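Novice: just coords:
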């Protein structure tokens, strides 16, 4: 099927309250424009310089999300325009995003990434680390970032029971942070979980954002 046909079919399976992020990493502008011309406006990238180039070359009403592991020295490339960073996994990264956001006179929305998978290769906080950080004076001093939710990636496995359990864990983390730290913060409302293979389970377990690439664009190009 074509990119347009893939998008139509996927959107049929996603409720209106869930935001679809079309993961366009490694894909050429031509493919992104096919999705754009089919009505898709939210795209996700995982390389800062590639994202910066695409931002400059593609329509300006695209909402760009950074979804990969972000190196602190690359924040400057995306700080002027990025809509949401999904992958905050350290206080150092928070501080760098805050610094670059301030330079650009912006407040940048971010999600805290949690390690919910059994794989060691995944990045992210555990709950106690995050709680300490969010209650710290350092975090309180960061005026140019806004934490609006959480993100996590399930283990890459065919075990649906395990995937569901990991998504449930992220939802519990979100609920606990909401009740203990973000109780009066209406902006803290997003749970980014679910990709091409598991997004329907993620939605069932409370996801508000799904990151889908290969099911829209086909197999990822390797760079």
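Specialist: Arrived safely, thanks for sending. If you're wondering where the values come from, they're calculated on a predicted model, not measured in any experiment.

Novice: what sits against residue 10?
Specialist: 20, 212, 215, 216 (CB atoms under 8 Å, 6 or more residues apart in numbering). Placement of C-beta: from N, CA and C, glycine included.

Novice: what comes up buried for the longest helix anywhere in the chain?
Specialist: The longest helix of the chain (DSSP state H) is helix 160-180. Of the residues in helix 160-180, 163, 164, 166, 167, 169, 170, 171, 173, 174, 177 count as buried by neighbour count, 16 or more other CB atoms under 10 Å.

Novice: nearest to residue 113, of the contacts of residue 10?
Specialist: residue 212 (18.1 Å; CB to CB).

Novice: okay, now that closest one: neighbour count?
Specialist: Residues contacting residue 212 under the criterion other CB atoms under 10 Å number 21.

Novice: run through the bridge partners of it.
Specialist: residue 22 (DSSP bridges).

Novice: any idea how far the residue nearest to residue 126 when sequence neighbours are not counted is from residue 72?
Specialist: Closest residue to residue 126 apart from its sequence neighbours, by CB to CB, 6 or more residues apart in numbering: residue 115 at 6.3 Å. The span separating residue 115 from residue 72 equals 19 Å under the rule CB to CB, to the nearest Å.

Novice: which one of these two has more residues nearby?
Specialist: With neighbours defined as other CB under 10 Å, residue 115 and residue 72 compare such that residue 115 has more, 20 against 15.

Novice: what's the helix or strand for the residue nearest the centre of the chain?
Specialist: When CA atoms, centre = their mean is applied to the chain, the residue found nearest the centroid is residue 86 (3.1 Å). Using DSSP states H and E, residue 86 falls within strand 84-88.

Novice: for that strand, which helices and strands make contact with it?
Specialist: strand 63-66, helix 91-103, strand 108-114, strand 145-152 (3 or more CB pairs under 8 Å, 6 or more residues apart in numbering; DSSP states H and E).

Novice: residue 80 is nearest to which of these?
Specialist: helix 91-103 (8.4 Å).

Novice: now the closest one: mean pLDDT?
Specialist: Across helix 91-103, pLDDT averages out at 97.

Novice: from the contact counts, what lies against it?
Specialist: For helix 91-103, the elements it packs on are helix 75-78, strand 84-88, strand 108-114, helix 137-140, strand 145-152, judged by 3+ CB pairs under 8 Å, 6+ apart.

Novice: in a markdown table, list these along with mean pLDDT.
Specialist: Below are these laid out as a markdown table (pLDDT from 0 to 100):
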| stretch | mean pLDDT |
| --- | --- |
| helix 75-78 | 98 |
| strand 84-88 | 97 |
| strand 108-114 | 98 |
| helix 137-140 | 96 |
| strand 145-152 | 98 |
